[in-house]
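**Student:** need coordinates for the following:
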Amino acid sequence: LNESGTRIVGQAAYGPGLRRRLAEINVELSDAENPIGRCVLTREPVTMANPSSVLREFGIKRIFSRLAIHSVVFVPLIASGQVVGVLAVQPSSEESTLDDEGITLLKSLTNEIAGVVLTKRFEERITESEKMRTSGLLAAGIAHNFNNLLQAILGQASLLEMQAETDPRVKRAAQLMNEAANKGAALVKQLMSFAHLERPFRETCDVNYLIEIVLDSLRGMFPIPQKLRLYLGDNLPKAFVDSSQVRQIITNLLSNAQEATASGGEVTVSTDYIVVDHRSPHFEVPFGHYLRIVVRDTGVGMDEETKRRCFEPFFTTKNVDPMSGLGMSGSGLGLAAAYALAKRNSGNLTVESRIGQGTAFT
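**Tutor:** This is a model prediction of the structure:
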């Protein structure tokens, strides 16, 4: 199950024995008729007598159309009160069916599998958290020292510009120094955001209004009206956040989406109100009431390595130098800063993406 609990994603194989060619699975769970979605929603096993004719409509045609499967049982993988996946089991022969005892045994088996899956996820999150903490300490040190250097450059460039009224070449050189130093100052501000050095100034604000403000300033990024779609929830409660930091998060995510759809695609921004409890997907925030913002694009998507590293500071895929591995354009701080600011405002930022199918930041 993906981060937001909306799709079953990954690879599937069927036995006895693994076939060499695994089938890609990407099943949308929002359809009420989808038996896999029903299994996830009700948290109870679902038995189907004739799966081939039904399930091929829900994203796993390549498996069920190849085999003459006569019946199948879907059992949810539940660990710590959360559904992490689904196990599909076919009885050994057409005559046999799984009775209550067999399904009870399957439930016990799936609990063990779910525990392993959830443990693996926690291990990955702990490793990621430690890596982000170390990166934050590094960014804090760089930001502090770099800021001191920039102040000296800006001061001297301003003096030079004031004393160069009679020489346009010197004045132009001083202006270029000023512009470069100001860009460096903006980079330091992003570093400070990532390193948690900027404490949020919280106030109650309308998230939909913040999104509209950002879109007004970024209209030039989306010259075709149909490229950007809004699905903003009605009567949403106010959020207690730093409005300028939330605007920065949205700006960074929209800039990323625009680049992903530069050669074609659509960007959607949606908001809604959710309650996170023990039955919720893995948003990794404390239980409570939340406003959810989703920026989704239908662009190129990310592979697993890029998705795993996209929140790292200085990681970028834009015009990367093959010798150094550094980006020649783009600082690689946009998503890192957005991630840090979301955490700083008592939220989280998660990503779902597949190559050729676009990306969604929640």
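
**Student:** name the helices or strands packed onto the longest helix along the chain?
**Tutor:** When the chain is parsed with DSSP state H, its longest helix is helix 100-162. Where contact means 3 or more C-beta pairs under 8 Å, 6 or more residues apart in numbering; DSSP states H and E, helix 100-162 is packed against strand 72-79, strand 82-89, helix 168-194, helix 334-344. To be clear about C-beta, it is placed using only N, CA and C from the backbone, and glycine gets the same treatment.

**Student:** hey, least reliable of those by pLDDT?
**Tutor:** Taking the mean pLDDT of each of the helices and strands packed on helix 100-162, the lowest value is held by helix 168-194, a mean of 78.

**Student:** and it, what other elements does it pack with?
**Tutor:** Counting contacts by 3+ C-beta pairs under 8 Å, 6+ apart, helix 168-194 is packed against helix 100-162, helix 334-344.

**Student:** okay, those, which one's buried deepest?
**Tutor:** For the helices and strands packed on helix 168-194, the stretch with the most neighbours on average is helix 334-344, a mean of 23; neighbours defined as mean count of other C-beta atoms under 10 Å.

**Student:** distance from the chain centre to that one, please.
**Tutor:** Centroid displacement of helix 334-344 relative to its chain, using C-alpha atoms, centre = their mean, to the nearest Å, is 12 Å.

**Student:** following it, which helix or strand shows up next?
**Tutor:** Where DSSP states H and E defines the elements, the next helix or strand beyond helix 334-344 is strand 351-354.

**Student:** in its sheet, what does that next one sit against?
**Tutor:** Taking DSSP bridges as the criterion, strand 351-354 pairs within the sheet with strand 358-361 (antiparallel).

**Student:** got a list of contacts for the strand it pairs with?
**Tutor:** The contact list for strand 358-361 (C-beta atoms under 8 Å, 6 or more residues apart in numbering) reads 4, 253, 256-257, 260, 265, 294-302, 338, 349-353.

**Student:** in helices, which of the residues you listed fall?
**Tutor:** Among those, DSSP H puts 253, 256, 257, 260, 338 in helices.

**Student:** contacts only, for the second one.
**Tutor:** Shown here is residue 256, whose contacts under the criterion C-beta under 8 Å, 6+ apart are 334, 335, 359, 361.

**Student:** try the third one
**Tutor:** When the contact criterion is C-beta under 8 Å, 6+ apart, the partners of residue 257 are 267, 295, 296, 297, 299, 359, 361.

**Student:** likewise the first one?
**Tutor:** The neighbourhood of residue 253, defined by C-beta under 8 Å, 6+ apart, consists of 295, 335, 338, 361.

**Student:** could I get the residues you listed in JSON lines, plus columns for distance to residue 104?
**Tutor:** As requested, those are arranged in JSON lines below (distance: C-beta to C-beta, whole Å):
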{"residue": "295", "distance to residue 104": "43"}
{"residue": "335", "distance to residue 104": "45"}
{"residue": "338", "distance to residue 104": "46"}
{"residue": "361", "distance to residue 104": "40"}
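
**Student:** many thanks, have a good one.
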